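Asks: here is my input; please provide its structure:
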Amino acid sequence: MGQMKIGAVVLAGGKGTRMHSRVQKQYRMLAGKPLILYALEAFEHSQVDHMVLVVGQGERERVCQEILGSCRFDKLMAVTEGGRERYHSVYAGLQALQGCDYVLIHDGARPLVTEDIISRAIQGALDYQACVAAMPVKDTIKKGDQDGFAAGSLDRSCLWQIQTPQAFSYSLIRTAYDWIMEEEERQTGITDDAMAVESYGGCRVKLVEGSYENLKVTTPEDMVIAEALLQCRGIDPESELL
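Replies: Have a look, this model is predicted:
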């Protein structure tokens, strides 16, 4: 990208309680290798210049030795520890990427991200300063009341399921997170990076094409689906960057 520097924050600090496993989901074996490696490989082969992997507190040494020890990622400039909530981990990643012009933020639990999705996110950030990978919802979405009864339907034509990567100019997302981290009350309800920008204000967030295959592995069923999709792509379970 010429003189422009593009960074990526890959998040791998989640607890994965819905996986019902003692092994955190991002480190579970998927088609022969730890799940987190798929996202790292996609970014390694993309237009991104630098990557930072953010792991849970107290996990850095184990991840470096047991997960990354036999792999070669030339773009991985740092493995850093995150915090209690997702936004703490994103902030740690942003601090490690100072000097980049644009940054992509990706959940490591989305192993099926592709170079094409990453490229579209980068272009969206260049064009609009802020964008998220997303896809139109397929299902009818209903609101529920406090008693568990349907309380109306939402207009599906206006609804999108939001994915990652989410991409921003570095100055915009860093300023938004600096603002959020100043006061605890500003952190309430911040579950993704677009919400950080929206809360701070000053920029609209563009929706760019993701993929229905770009699922987030959350439950055991998701592992089965992800492995089947990898097999459809012809992914060699034994391949990895050495």
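
Asks: list the residues that contact residue 204.
Replies: If a contact means CB atoms under 8 Å, 6 or more residues apart in numbering, then residue 204 has 128, 130 as its contacts. (C-beta placed from N, C-alpha, C; glycine too.)

Asks: what's the spacing between it and residue 144?
Replies: Note on residue 204: its distance to residue 144, by CB to CB, to the nearest Å, is 29 Å.

Asks: check residue 126 too.
Replies: In this structure, residue 126 and residue 144 are separated by 40 Å, where distance is defined by CB to CB.

Asks: and what of residue 194?
Replies: If you measure residue 194 against residue 144 using CB to CB, the figure is 24 Å.

Asks: who has more neighbours out of those two?
Replies: A count of neighbours by other CB atoms under 10 Å puts residue 194 above the other of residue 194 and residue 144, at 24 against 10.

Asks: for the more buried one, helix, strand, or coil?
Replies: Here residue 194 is recorded as helix under DSSP: H, G, I helix; E, B strand; the rest coil.

Asks: how about it, what does it touch?
Replies: Contact analysis of residue 194 by CB under 8 Å, 6+ apart lists 130, 132, 162, 166, 205.

Asks: then the lengthiest strand in the chain to PDB, C-alphas only?
Replies: For the chain, the longest strand by residue count, based on DSSP state E, is strand 160-169. Output of strand 160-169 as PDB, limited to C-alpha atoms (Å, rounded to 0.1, in the frame of the first residue of the first chain):
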ATOM      1  CA  TRP A 160     -27.600  -6.800   8.800                       C
ATOM      2  CA  GLN A 161     -25.600  -9.300  10.800                       C
ATOM      3  CA  ILE A 162     -22.300  -7.600  11.700                       C
ATOM      4  CA  GLN A 163     -19.000  -9.400  11.400                       C
ATOM      5  CA  THR A 164     -15.300  -8.700  11.600                       C
ATOM      6  CA  PRO A 165     -12.900  -7.400  10.400                       C
ATOM      7  CA  GLN A 166     -14.000  -3.900  11.200                       C
ATOM      8  CA  ALA A 167     -11.700  -1.300   9.700                       C
ATOM      9  CA  PHE A 168     -11.000   2.300  10.500                       C
ATOM     10  CA  SER A 169      -8.500   5.100  10.100                       C
END
